[in-house]
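Novice: this one's sequence-less:
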């Protein structure tokens with residue numbers, strides 16, 4: 001029987017940071033698990049450690065898990081002698097988008113002005129920053145501009161469906177229909193486990209049991225709530241992320257059954 005390795009695709013703002021912190025508390029980063037994102041790969045480089053592509057088989061065989069935004073179907077090609085178990089976390093789509101926006105706004109309010117370059121939709125930066133820091137909210141005009149900018153994004157509004165099909169095209173199969181949610185379902189049906197952000201404790205407990213780790217402790221997000229889900233929904237009109245919603249609801253039900261099976 002092949003030794004398992006857990007390849008965890010971290011969709012942004014779905015709770016993956018909590019799982020990464022969990023791993024960092026109980027596993028040796030670089031030896032036991034790889035933080036496979038821009039930040040994690042930069043740390044490896046600064047420490048003079050090899051990337052996955054450069055590692056010897058004996059080194060790869062010690063790794064128990066790989067987690068991050070950069071995990072794709074190609075990650076399995078580094079572990080041809082292992083039982084590759086893909087996993088991910090889905091989040092209710094408007095909640096995910098709201099969290100993404102509040103995170104960026106929190107960084108700006110803390111004075112990390114480099115984030116302004118990532119927010120070209122801000123009309124009057126001085127007024128924007130004043131309203132954000134003194135009133136704790138995003139100006140209405142800027143919220144409208146933000147949603148208009150989102151409409152230019154690839155995959156808008158179904159972010160999770162879009163990125164799953166981009167990162168795992170070879171897992172989609174040949175029977176999936178043209179709907180983004182059907183293609184994403186075909187991909188996730190081949191995953192070992194698909195969790196949900198609202199049940200992150202149960203998801204991490206299943207991973208922890210598989211990796212023989214102690215009890216999971218939740219890592220809380222420190223972002224300030226400048227925008228609510230209700231406010232953001234009001235600007236979507238008829239562009240609600242329907243495919244992401246279908247995907248989330250489907251796998252939320254599946255996870256309830258899976259969590260019982262893994263107990």
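Specialist: Perfect, I can see it now. Since this is a predicted model, take the numbers as computed values, not measurements.
Novice: Packing partners of the helix or strand of the chain with the lowest mean pLDDT?
Specialist: Least confident helix or strand, the chain: helix 38-46 with a mean of 83, by mean pLDDT, DSSP states H and E. Contact here means 3 or more C-beta pairs under 8 Å, 6 or more residues apart in numbering; DSSP states H and E; on that basis helix 38-46 packs against strand 33-35. For the C-beta atoms, the positions are set from N, CA and C on the backbone; glycine is no exception.
Novice: give me the number of residues near residue 110?
Specialist: For residue 110, the neighbour count with other C-beta atoms under 10 Å is 12.
Novice: Check residue 126 too.
Specialist: If you count neighbours by other C-beta under 10 Å, residue 126 ends up with 8.
Novice: Equivalent analysis for residue 42, please.
Specialist: Counted with other C-beta under 10 Å, residues neighbouring residue 42 total 11.
Novice: Check residue 250 too.
Specialist: In terms of burial, residue 250 registers 17 neighbours under the definition other C-beta under 10 Å.
Novice: for it, what are its contacts?
Specialist: With C-beta atoms under 8 Å, 6 or more residues apart in numbering as the criterion, the residues that contact residue 250 are 181, 185.
Novice: where do the strands sit along the protein?
Specialist: Using DSSP state E, the strands found in the chain span residues 4-9, 33-35, 65-68, 83-90, 193-196.
Novice: Compare those and report which one is nearest to residue 52.
Specialist: Taking C-beta to C-beta, strand 33-35 is the member of the strands of the chain nearest to residue 52, at 6.6 Å.
Novice: what packs against the closest one?
Specialist: Contact partners of strand 33-35 among helices and strands, from 3+ C-beta pairs under 8 Å, 6+ apart: helix 16-26, helix 38-46, strand 65-68.
Novice: Just send those back as TSV, with distance to residue 103 too.
Specialist: As requested, the helices and strands packed on strand 33-35 are exported to TSV (distance: least, C-beta to C-beta, whole Å):
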stretch	distance to residue 103
helix 16-26	10
helix 38-46	14
strand 65-68	17
